[in-house]
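Asker: dropping the sequence and predicted coords here.
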Number of protein chains: 2
Amino acid sequence: MDIVHRIGVKDATTEDVYAALTTIEGLAGWWTTDTTGDAEVGGVIAFRFIPGGFDMKVKELVPGKAVLWEVVEGPPEWLGTEVSFELKQEGEYAIVLFEHRGWADQVEFMYHCSTKWASYLLSLKQLVETGKGAPAPYDVMISDWH
Amino acid sequence: MDIVHRIGVKDATTEDVYAALTTIEGLAGWWTTDTTGDAEVGGVIAFRFIPGGFDMKVKELVPGKAVLWEVVEGPPEWLGTEVSFELKQEGEYAIVLFEHRGWADQVEFMYHCSTKWASYLLSLKQLVETGKGAPAPYDVMISDWH
């Protein structure tokens, strides 16, 4: 099962969004400030949050077009799943098609992560449009699970 | 295929959230101001937005616990799909488990609707917590598709 989302970043190019998805500084600007590691293909990026985090292996990078990660460390429901960003230009909008795919079961945690991804993707949009996103720990609290 | 989401409404009961899901006034406060119709079981609620809208047949209502709609009018990808809200109390939070289920194909429009649902569910949370949501046409614009 997959979580899917679509956002459009206004007055931006796919290269602008790609930079925010493929550099440690960019990622720290919308997902979590505690982002470290190697953002090249084959590298591992460590994303940390107050309750824990995820290690993502960078599997594929196509400049301005696509980013693919595999979850190599994290909660059991995430292990082995893939996170994919596809980018395309539509006029003045850079469109992001997002997938977090390969969930084994439609567990309650998946419902939570789906809403949370939406809010982080809107943070990505805000970062590229305005220069300032809302990464953890400054993210929107959506529930008791944060 | 399903879109799923989870939010928690703080300092609220499931009855508070249920009221926002089962009255015309409540629905108009978080999804779209242009909401009309019959919100009882068997009734049809018409939700209208600038580009169009949806008619939902109310299939099941369990006070404080569950709301189930069937899409009887709207875009072809939505026809026959179901929208479900399950409510439960977890301490000071009223939890909403949301499903928009039965999508035939994982089309780009589904990606858009997933992100859009998240933003409307956060509007529902805001409505119940503060008395003021962000229904269309005051909703967050997430892309060129609005």
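Answerer: All right, it came through fine. Numbers count the residues shown, from 1 in each chain, chains lettered A, B, ... in the order given.

Asker: contacts for the longest strand that chain A contains next, please.
Answerer: When every strand of chain A is counted residue by residue (DSSP state E), the longest turns out to be strand A:52-62. Contacts to strand A:52-62, defined as CB atoms under 8 Å, 6 or more residues apart in numbering or on different chains, come from residues A:22, A:32, A:34, A:37-47, A:66-75, A:78, A:82-83. Just so you know, the C-beta spots here come from the backbone N, C-alpha and C atoms, and that holds for glycine as well.

Asker: what subset of those residues is buried?
Answerer: Among the contacts of strand A:52-62, those buried by neighbour count (16 or more other CB atoms under 10 Å in any protein chain shown) are A:22, A:32, A:37, A:39, A:44-47, A:66-71, A:74, A:78, A:82-83.

Asker: now, the residues you listed that are in helices?
Answerer: Secondary structure defined by DSSP state H assigns residue A:22 of the buried ones among the contacts of strand A:52-62 to helices.

Asker: filter the buried ones among the contacts of strand A:52-62 down to the ones in strands?
Answerer: Members of the buried ones among the contacts of strand A:52-62 lying in strands (criterion: DSSP E): A:37, A:44-47, A:66-71, A:82-83.

Asker: just the closest of the residues you listed to residue B:145, please.
Answerer: Using CB to CB, the shortest approach to residue B:145 within these belongs to residue A:66, at 20.7 Å.

Asker: shouldn't that closest one be in contact with residue A:86?
Answerer: Yes - between residue A:66 and residue A:86 there is a contact at 5.4 Å, judged by CB atoms under 8 Å.

Asker: enumerate the residues of chain A near chain B.
Answerer: Residues of chain A lying near chain B by CB under 8 Å from any CB of the partner chain: A:1-8, A:90-93, A:95, A:97-98, A:106, A:108, A:110-112, A:114-115, A:118-119, A:121-122, A:125, A:140, A:142-145.

Asker: now, those residues that are in strands?
Answerer: A:2, A:3, A:4, A:5, A:6, A:7, A:8, A:90, A:93, A:95, A:97, A:98.

Asker: got CSV for those residues, with distance to residue B:62, pLDDT and neighbour count too?
Answerer: Formatted as CSV, those follow (distance: CB to CB, whole Å; pLDDT from 0 to 100; neighbours: other CB atoms under 10 Å in any protein chain shown):
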residue, distance to residue B:62, pLDDT, neighbour count
A:2, 29, 97, 20
A:3, 27, 98, 24
A:4, 29, 98, 24
A:5, 30, 98, 27
A:6, 32, 98, 24
A:7, 34, 98, 25
A:8, 37, 98, 22
A:90, 42, 98, 12
A:93, 41, 98, 20
A:95, 39, 98, 23
A:97, 36, 98, 17
A:98, 33, 98, 24
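
Asker: out of those residues, who's nearest residue A:134?
Answerer: Distance to residue A:134 across these (CB to CB) is lowest for residue A:7, with 13.9 Å.

Asker: so the closest one sits right up against residue A:119, yeah?
Answerer: No - Residue A:7 is not in contact with residue A:119 according to CB under 8 Å; the separation is 11.0 Å.
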